[in-house]
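*Asks:* what follows is a predicted structure for the sequence shown.
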Amino acid sequence: MKNKIALITGATSGIGKATAVEFAKHGIDLILCGRRNDRLEQLKAQLSDQVNVHTLSFDVRNKEAVFNAIATIPDEFKPIDILINNAGNAHGLAPINEGSIDDWEAMMDINVKGLLYVSQAIIPEMVKRKSGHIINIGSTAGKEVYPGGNVYCASKHAVDAINQGMRIDLHAHGIRVGAVNPGLVETEFSKVRFKGDTEKADAVYHGFTPLKPEDIAEIIYFSVSRPPHVNIADLIVMPTDQASSTIVNRN
Ligand code: NDP
Ligand code: 8X3
């Protein structure tokens, strides 16, 4: 896939970082986004001998920062062919009656509104060029709801609806839109959810074999490398040991 350019949000860690590494293997030039600039620069240094890499450090919650950052993309990186809407996290796992409003706002602002800001900054150019491919990273939490998942699940159900809405509105412009919805993937996700409590975070992935971020990255690459007439609209990917959000075969 030479001469393609992908913008990946949340490229400093987990699924986004693994996707950057996978794309670089296949010659896709990269615009890597995230808040932690040191990590973006490290990844750029790691991948620059394979592909051209540009980094953009911004918080997806900050509408102005999103549009300003994307406006600074140098001309040689401007025709973005692939957008990976990946930045996001869960914040907390409290039942709804004990939930933190700050956590709720973080999840809706990052997972839903942030995804929309980035999309709005990029889609109009794709429409002009009548080409583009958007992969929205949803979740099994966007397909079902589990105890304590309440607002995180709501944010990912919103991603599911936005994914469908984008496809309905953009297919006539030659733009492909699809979602990849992972189950349990061992990343920094649970460390963020449990606010740095590594014991609680590690327990989430204990006693079974979770997905690795690379498993999802390979599937994302497979989706974007199909022939132009093929659009993988929606995929759910779980570890073999997982049957649903609450049914996991732990030994
Ligand atoms: P990680 O915590 O490892 O990565 C999250 C990424 O999102 C980081 O690169 C982080 O970058 C970025 N991010 C978070 N908040 C912001 C923000 N405000 N502004 C900009 N970037 C932000 O988790 P995962 O890789 O697991 O998560 C990636 C996506 O996958 C998320 O959308 C998540 O909901 C989804 N997912 C994860 C699953 C899992 O089990 N791990 C399963 C299903 C879906 P930085 O902090 O540098 O800004
Ligand atoms: C991440 C998967 O089950 O932790 O979206 O919500 S889960």
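*Replies:* Here it is on my side, so go on. Ligands and ions are numbered 1, 2, ... in the order given.
*Asks:* tell me who's in contact with the residue nearest to the spatial centre of the chain.
*Replies:* For the chain, the residue nearest the mean C-alpha position is N86 (1.2 Å; C-alpha atoms, centre = their mean). Counting by C-beta atoms under 8 Å, 6 or more residues apart in numbering, N86 touches I8, T9, G10, A11, I15, G16, T19, I135, I137. Every C-beta, even on glycine, is put in place using the N, C-alpha and C of the backbone.
*Asks:* roughly how far apart are it and A18?
*Replies:* Here the criterion is C-beta to C-beta, to the nearest Å. By it, N86 lies 10 Å from A18.
*Asks:* and what of A6?
*Replies:* Using C-beta to C-beta, one gets 13 Å for the distance from A6 to A18.
*Asks:* if you count what's nearby, which of those two comes out ahead?
*Replies:* When neighbours are counted by other C-beta atoms under 10 Å, A6 comes out ahead of the other of A6 and A18, with 26 against 22.
*Asks:* quick one: neighbours of the closest residue to ligand 2 within the stretch 51-200 of the chain, just the number.
*Replies:* Nearest to ligand 2, among the residues of the stretch 51-200 of the chain, is S139, at 3.2 Å (C-beta to the nearest ligand atom). For S139, the count of nearby residues is 28 (other C-beta under 10 Å).
*Asks:* I figured it hits P182, correct?
*Replies:* Yes - the pair S139 and P182 qualifies as a contact (C-beta atoms under 8 Å) at a distance of 6.3 Å.
*Asks:* do a quick rundown of the strands in the stretch 151-251 of the chain.
*Replies:* For the stretch 151-251 of the chain, the strands defined by DSSP state E, counting those that start in this stretch cover 175-182, 234-237.
*Asks:* I'd like the ones you listed as a markdown table, with mean neighbour count and mean pLDDT appended.
*Replies:* Output for the strands of the stretch 151-251 of the chain, formatted as a markdown table (neighbours: other C-beta atoms under 10 Å; pLDDT from 0 to 100):
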| stretch | mean neighbour count | mean pLDDT |
| --- | --- | --- |
| strand 175-182 | 24 | 99 |
| strand 234-237 | 16 | 98 |
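*Asks:* now tabulate the ones you listed in TSV and tack on distance to A203.
*Replies:* Below are the strands of the stretch 151-251 of the chain laid out as TSV (distance: least, C-beta to C-beta, whole Å):
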stretch	distance to A203
strand 175-182	19
strand 234-237	22
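*Asks:* need the residues of the stretch 151-251 of the chain near ligand 1, please.
*Replies:* Counting by C-beta under 6 Å from any ligand atom, the residues of the stretch 151-251 of the chain close to ligand 1 are P182, L184, V185, T187, E188, F189, V192, P213.
*Asks:* go again using 8 Å as the cut-off
*Replies:* In this structure, the stretch 151-251 of the chain approaches ligand 1 at residues 152, 156, 159, 181-192, 210-211, 213, 216, judged by C-beta under 8 Å from any ligand atom.
*Asks:* of those residues, select the buried ones using a ChimeraX command.
*Replies:* Per 16 or more other C-beta atoms under 10 Å, the buried members of those correspond to this ChimeraX selection:
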select :152,156,159,181,182,183,184,185,186,187,189,190,191,192,210,211,213,216
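*Asks:* helices along the chain, start to end?
*Replies:* Counting by DSSP state H, the chain has these helices, from start to end: 14-25, 37-47, 63-71, 101-107, 115-129, 150-170, 189-193, 198-204, 213-224.
*Asks:* this completes my enquiry, with thanks.
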